[in-house]
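Novice: make a model of this:
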Amino acid sequence: MKKLSFAFLALFLFIGFKAVNFKTISGSVSDLSDGSPIATAILKSLPSKTVAKTNLSGRFNFKIPQTDTALVVSYVGYQTKIINLNKGNVLKIELLANNNYLKEVVIMAHGKEQKQKRMMDSPISEALRIPITTSLAGRVPGIYQEDRNTESYSSISENGFKDPLKDALSTFSIDVDAASYSNVRRFINNGSLPPKDAVRIEEMINYFDYNYAQPTGKDPINIVTELAPAPWNPQHRLVQIGLKAKTIATDNLPASNLVFLIDVSGSMSSANKLPLLVSSFKLLTDQLRAKDKVAIVVYAGQSGLVLPSTPGDAKTSIKDALSKLSAGGSTAGGAGLQLAYKVAAENFIVGGNNRIILATDGDFNVGISSDDEMQRLIEQKRKSGIYLTVLGYGMGNYKDSKMEILADKGNGNYAYIDNINEARKVLVNEFGGTLFTVAKDVKLQVEFNPAKVQAYRLIGYENRLLKDEDFNDDKKDAGEMGSGHTVTALYEIIPTGIKSSFASKVDDLKYQKPTQTPITYEGNEMLTVKIRYKLPDQESSKKMQLAINDNPKTNTSDNFRFVAALAEFGMLLRQSDFKQNSSFEQVISLAEGAMGKDKEGYRSEFLKLAKSTRLMAKDLLTIANRNEVTSPIKIK
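Specialist: Numbers count the residues shown, from 1 in each chain. Purely as a prediction, here's the structure:
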């Protein structure tokens, strides 16, 4: 009887539970009007309700039960489309923009009501949007999962030591960007060590103000220098070269024609992106004067003018427009840039500050999205007197490499906003320096005396190096300095007579003899610093220079010690080949003795970061093991 019951049970199971067979469907989703790919579109197979998303190229490939008969495709701002799956397994799907979701926003401008249209999220696409997690993607067949960390950073090949007999000159463009420091801070505060290429030492140094003396002559820049033993190798010298731009009172700054170019794509939806961005721009709005004016352009799948050019004292209208922004859509960054330049040109102020402020995570994936295309557009518009400032937000898909290039080509600066305090620093405390240029195309060239210098190394500025002949070429673009800005550069010097593996010699040549002019200089000068700059409204450069004698200090300034601490910290994070006897303990000791006035608490904050990093990196091999890794290591 038991055998018979088992046989009936087996037969029931066989009949009642059939194996599920799957098939693979693939294809693309694009915009019907222009054929551009739609990334992260939602695909829902029915009746199984299997869900997937398109990748950044608008393509998909996933498995569904063979019994499914229909595919529902939706995306923010587009009409939902239902596809009959009997038509094949390779699908080319085109979506039509849905004007029903273009809702009117009433904005006050110049005292008059003006209607603007803004893309709103489709309720259908919102209902279908589900989070795709690692565990879900691993268990559900065919679900597409984007890389959870797609941040990108330009590769840095660290500057090495050079022989002044062969390379007497060192030439580079100044860099007032400070994005690297706040980005590194974000990693450390989140419990991670940053990727080595996210660490740009010059930007970490230039994040801080050093209270250099104001220029007193006709030049808008003052040069300040200091020479002392290098903390990580006392036999070496460390040379600090500081520049201070003239500070202009806010009331005396020229009128501004600003265009806020804001990324409202789907990737900007998280709290540390669009919501923080809106709060940041409200802080900036509070700094505007009646003679200033601002327009707001947004971009996602499409770009649009949300606020026409509006006087700076119409703060309620500007803030209302910012408050109504919401995220959704792909990222047509190129189209947004073009519209922003058009709006800026239409409201151009002769002799004023004409500037676009781009706020984004940099994840452009639709329209003009290649670096080369955007660079050409920005370089062309730069010549018309419209500059570009870039503010970066967010994490996970942050495109640092792209945003640094855009700001560089646009005669602007680049900052990373990781919290509201950073927004206040960049857009309130440093308002003039961020937005108002007092000197453009600023270049430095340092000549080293081989009688005193055996070898030298520029710390940082790897992506700002210039050819020696570029120094006197006024057509060569370089960095800008804003009102009150400070710029600092460091050189590590191996004096003559010091044995060092960094200054090793090569074999004599077999087929030719080196031609060397005898050194005839007998003075005490170790090097000469030369600077070229242009006034904002001129195209011919002016030259300044200052010689530095070989008189190393024993009692250094707070500025010198703090800059040295930052440089040493950066070398440790990068696991530099030139870190020598660097240690987190020494970084902390230097910083503790160099707090100065620290009115805003920025130096104290760095000290806390250094202590946190020491705890995370108990063994420096933790950092060394990630030399080839482009994503952060999580410290448990």
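
Novice: check which helices and strands the helix or strand containing residue 589 sits against.
Specialist: Using DSSP states H and E, residue 589 maps to helix 584-592. Secondary-structure packing of helix 584-592 (3 or more CB pairs under 8 Å, 6 or more residues apart in numbering; DSSP states H and E): helix 558-574, helix 602-616. All C-beta atoms are positioned from the backbone trio N, CA, C, and that covers glycine.

Novice: and of those, who's closest to residue 348?
Specialist: Residue 348 lies closest, by CB to CB, to one member of these: helix 602-616, at 35.8 Å.

Novice: between helix 584-592 and that closest one, find me the angle.
Specialist: Counting by axes from the mean of the first three to the mean of the last three CA atoms, to 10 degrees, helix 602-616 lies at 170 degrees to helix 584-592.

Novice: list the buried ones in the helix holding residue 589?
Specialist: For helix 584-592, a neighbour-count test (16 or more other CB atoms under 10 Å) marks 584, 586-588, 590-591 as buried.

Novice: where do the helices sit along the stretch 151-300 of the chain?
Specialist: Ranges of helices in the stretch 151-300 of the chain, per DSSP state H, counting those that start in this stretch, are 179-189, 201-206, 274-285.

Novice: what's the shortest one packed up against?
Specialist: Looking back up the chat, that one is helix 201-206. For helix 201-206, the elements it packs on are helix 179-189, strand 486-495, helix 558-574, judged by 3+ CB pairs under 8 Å, 6+ apart.

Novice: okay if I get those as TSV plus mean pLDDT and mean neighbour count?
Specialist: Putting these into TSV (pLDDT from 0 to 100; neighbours: other CB atoms under 10 Å) gives the following:
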stretch	mean pLDDT	mean neighbour count
helix 179-189	92	23
strand 486-495	97	22
helix 558-574	97	24
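
Novice: need those in TSV with distance to residue 444, can you?
Specialist: Listed next are the helices and strands packed on helix 201-206 as TSV, based on distance: least, CB to CB, whole Å:
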stretch	distance to residue 444
helix 179-189	19
strand 486-495	7
helix 558-574	16
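
Novice: still on that earlier bit, between the helices of the stretch 151-300 of the chain, which one is nearest to residue 218?
Specialist: Taking CB to CB, helix 201-206 is the member of these nearest to residue 218, at 25.1 Å.

Novice: which residues sit against that closest one?
Specialist: Helix 201-206 is contacted from outside by 175-181, 184, 459-461, 464, 486-490, 563, 566-567, 569-571, 574, using CB atoms under 8 Å, 6 or more residues apart in numbering.

Novice: tell me the mean pLDDT over it?
Specialist: The average of the pLDDT scores along helix 201-206 is 96.

Novice: tell me how far it lies from the chain's centre.
Specialist: With CA atoms, centre = their mean, to the nearest Å as the basis, helix 201-206 stands 13 Å off its chain's centre.

Novice: and for stretch 262-271?
Specialist: 16 Å.

Novice: so for that stretch, what gets flagged as buried?
Specialist: 262-268.

Novice: cool, and stretch 152-163?
Specialist: Buried residues in stretch 152-163, counted by 16+ other CB under 10 Å: 152-153, 156, 159, 161-163.

Novice: which among those residues gets closest to residue 197?
Specialist: Comparing the buried residues of stretch 152-163 against residue 197 with CB to CB picks out residue 153 as the nearest, at 4.0 Å.

Novice: now that closest one: closest residue in space that isn't a chain neighbour?
Specialist: Distance criterion CB to CB, 6 or more residues apart in numbering; nearest residue to residue 153, sequence neighbours excluded, is residue 197 at 4.0 Å.

Novice: before we move on, what about residue 186?
Specialist: Distance criterion CB to CB, 6+ apart; nearest residue to residue 186, sequence neighbours excluded, is residue 418 at 4.3 Å.

Novice: and for residue 433?
Specialist: Excluding the flanking residues, the one nearest residue 433 by CB to CB, 6+ apart is residue 482, at 3.7 Å.

Novice: give me the neighbour count for that neighbour.
Specialist: Residue 482 has 23 neighbouring residues, counting by other CB atoms under 10 Å.

Novice: per-residue confidence at residue 374?
Specialist: Looking at residue 374, its pLDDT is 69.

Novice: I'd like the next helix or strand past whichever helix or strand residue 424 is part of.
Specialist: Here residue 424, judged by DSSP H and E, is contained in helix 420-424. For helix 420-424, the following helix or strand on the C-terminal side (DSSP H and E) is helix 431-435.

Novice: could you point out which element follows that following helix?
Specialist: Heading C-terminal from helix 431-435, the first helix or strand you meet, by DSSP H and E, is strand 437-448.

Novice: could you give the average pLDDT over the following helix or strand past that following strand?
Specialist: Downstream of strand 437-448, the next assigned helix or strand under DSSP H and E is strand 453-459. Average pLDDT, strand 453-459: 97.

Novice: can you pull the contacts of the residue nearest to the spatial centre of the chain?
Specialist: Centroid check for the chain by CA atoms, centre = their mean gives residue 400 as the closest residue, at 3.5 Å. With CB under 8 Å, 6+ apart as the criterion, the residues that contact residue 400 are 151-154, 179, 183, 198, 362, 392, 416.

Novice: what count of nearby residues applies to residue 173?
Specialist: Neighbours of residue 173 (other CB under 10 Å): 21.
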